[in-house]
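Engineer: Build the 3D model from these lines:
(2 chains)
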Number of protein chains: 2
Amino acid sequence: MYGILGGMGPLAGVGLMRRIVELTPASIDQAHIPLIAYSAPQIPDRSTAILHNGPSPLPAISRGVKTLSDAGAKEIAIACCTAHHWHPELSAASEVHILHVADALQAELQARGLRHARVGVLATAGALQSGFFQDRLRRLGHEPLTLSQRQLDTLFDPGVALIKDGRLEAGGGLAKAAAEALFAQGADLVILGCSELGLVFGDRSERVIDAMDALARLCVARWWRPLEGARMPQSAAHAEGLGTVS
Amino acid sequence: MYGILGGMGPLAGVGLMRRIVELTPASIDQAHIPLIAYSAPQIPDRSTAILHNGPSPLPAISRGVKTLSDAGAKEIAIACCTAHHWHPELSAASEVHILHVADALQAELQARGLRHARVGVLATAGALQSGFFQDRLRRLGHEPLTLSQRQLDTLFDPGVALIKDGRLEAGGGLAKAAAEALFAQGADLVILGCSELGLVFGDRSERVIDAMDALARLCVARWWRPLEGARMPQSAAHAEGLGTVS
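Structural biologist: As a prediction, this is how the structure comes out:
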């Protein structure tokens, strides 16, 4: 059984669950992956904790992980990019494997055959300060591009706040303007590195990678791989490049 | 914490979770309802069990309910109308309250002020044979209308099978034709009494009630009511008419 820790925000968690279902090659109910999704919206704000020494979300996230593993989850995906700042502590304390969104992103970049690309990272200021996206991109030979503080303040942050308030159109407008700012900087492609963004970017062109899509694809690939090699869907090949990085 | 038992099919369970989030009057993550959703797609087919003496889904559904209550769910909604055939047994065996989709439907009909209506019921042959929708409608003074066996065989069943296969457009066409058949019989309104249908009926007109929408509204209403009467959203009023029927 796969576990999903969501609630950060709630629609983003639902979105990850939906993508896992949609990407599963099943035509009847019984062929689908059993999932357990815990939407724990009371987890303290991740970016505030990283940037401004706000209350740490780690205890609440750890309790969420334990709830899922106690319920039978054998692997867990977290539907919040910024929360991966605490992945090392969570992984060390957890009995079950916790996927890392940077592994999912790496698999997606490798599946697309990208080398030495300029990759714009749309992510919270907290995730950018944590640096796990940029570190992974550099390790893979890509050049990360990020928004300026002013662009975060005027485009990204208000955009995400509007999406969390359910005002998807207004929030989507700002988020897309933030993506355009990265393309204007010279980005070859842009990563939607915040779980809310996939809710408003209808566009899944070659120039955009939604980190939550990549995470969903990795969940499905890992689920199918041990079961039956012959029936492995093409997306499973994405996971082959992972090696031992985590 | 609210529990959702899904997987029947998986997209319908995700849809119920999404509707609960959307109907919650919250503008920041932390104001949302904590939810735990268990998508258990391996539960045997409900309609086959009722109609053709197929393997009973009751043990698997019971295990799902127990997984959710063990994880901390205080109330549980089941994202499958037909599964409510076993509601009496599930309720008797469960330590936590399990909502009934017919209660949600009743609240919705009463909120709309409907009396002595002819109500078309779009539901599986299993749910229709179980009769819980028709019984509740008659008890409320409404006249239930249902599809003929031939209409079930040629419109409803293949429509739902296509939706479960992810072919939403083709399945939606057949499901909408089934709804039209009920309107042609003289229905004043039609209940989408199968959890898959809300995925394909964009139309939420006055002539259509999606049972899963009603169930989501009941979840939100029950969550808000005990917390703070003053801030109760309007939808909570829907639940007031419930009385002791279950």
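Engineer: Which other helices and strands does the longest helix anywhere in chain A contact?
Structural biologist: Ranked by residue count and defined by DSSP state H, the top helix of chain A is helix A:168-184. For helix A:168-184, the elements it packs on are strand A:118-122, helix A:157-164, strand A:189-192, judged by 3 or more CB pairs under 8 Å, 6 or more residues apart in numbering or on different chains; DSSP states H and E. C-beta here means a position set from N, CA and C on the backbone, and glycine is covered the same way.
Engineer: following the shortest one, which helix or strand comes up?
Structural biologist: Heading C-terminal from strand A:189-192, the first helix or strand you meet, by DSSP states H and E, is strand A:208-210.
Engineer: do the next helix or strand after that following strand and chain B meet at all?
Structural biologist: Where DSSP H and E defines the elements, the next helix or strand beyond strand A:208-210 is helix A:211-224. No. Against chain B, helix A:211-224 shows no contacts by CB under 8 Å from any CB of the partner chain, the least distance being 12.0 Å.
Engineer: returning to that earlier point: and the angle for the longest helix of chain A with strand A:118-122?
Structural biologist: Following axes from the mean of the first three to the mean of the last three CA atoms, to 10 degrees, one obtains 150 degrees for the angle between helix A:168-184 and strand A:118-122.
Engineer: Quick one: residues contacting residue A:219.
Structural biologist: Residue A:219 is in contact with A:2, A:20, A:33, A:75, A:77, A:99, counting by CB atoms under 8 Å, 6 or more residues apart in numbering or on different chains.
Engineer: do you know how far it is from residue B:168?
Structural biologist: Distance, residue A:219 to residue B:168, by CB to CB, to the nearest Å: 22 Å.
Engineer: Same check on residue A:127?
Structural biologist: Distance of residue A:127 to residue B:168, given as CB to CB: 34 Å.
Engineer: With residue A:17 instead?
Structural biologist: Distance from residue A:17 to residue B:168, by CB to CB: 17 Å.
Engineer: If you count surrounding residues, which of the two has more?
Structural biologist: Shown here are residue A:17 and residue B:168; by other CB atoms under 10 Å in any protein chain shown, residue A:17 has more neighbours (30 against 15).
Engineer: what sits against the closest residue to residue A:6 other than its chain neighbours?
Structural biologist: With CB to CB, 6 or more residues apart in numbering or on different chains as the criterion, residue A:6 has its nearest non-adjacent residue at 1.8 Å, and that residue is residue A:13. Applying CB under 8 Å, 6+ apart to residue A:13 gives the contacts A:4-7, A:37, A:39, A:79, A:195.
Engineer: Same question for residue A:122.
Structural biologist: Residue A:122 makes contact with A:147, A:156, A:175, A:178-179, A:182, A:190-194, A:197 under the criterion CB under 8 Å, 6+ apart.
Engineer: Look up how far residue B:72 lies from residue A:56.
Structural biologist: Following CB to CB, the distance that separates residue A:56 from residue B:72 is 22 Å.
Engineer: Among the contacts of residue A:219, which one has the most neighbours?
Structural biologist: Top of the contacts of residue A:219 by neighbour count (other CB under 10 Å): residue A:77, with 29 neighbours.
Engineer: Mind checking what secondary structure that residue has?
Structural biologist: Here residue A:77 is recorded as strand under DSSP: H, G, I helix; E, B strand; the rest coil.
Engineer: which bits of chain A sit near chain B?
Structural biologist: Along chain A, the residues adjacent to chain B under the rule CB under 8 Å from any CB are A:7-11, A:14, A:17-18, A:21-22, A:24, A:26-45, A:67, A:70-72, A:164-166.
Engineer: Sitting in helices, which of these do you find?
Structural biologist: Among the residues of chain A next to chain B, the ones falling in helices (DSSP H) are A:10-11, A:14, A:17-18, A:21-22, A:67, A:70, A:164.
Engineer: just for chain A, where's the confidence low?
Structural biologist: Residues of chain A that meet the criterion pLDDT under 70 lie in A:203-204, A:226-246.
Engineer: Recalculate using a threshold of 50.
Structural biologist: Counting by pLDDT under 50, chain A contains low-confidence ranges at A:228-246.
Engineer: is it true that residue A:15 touches residue A:201?
Structural biologist: No. Using CB atoms under 8 Å, residue A:15 is not in contact with residue A:201; the gap is 11.2 Å.
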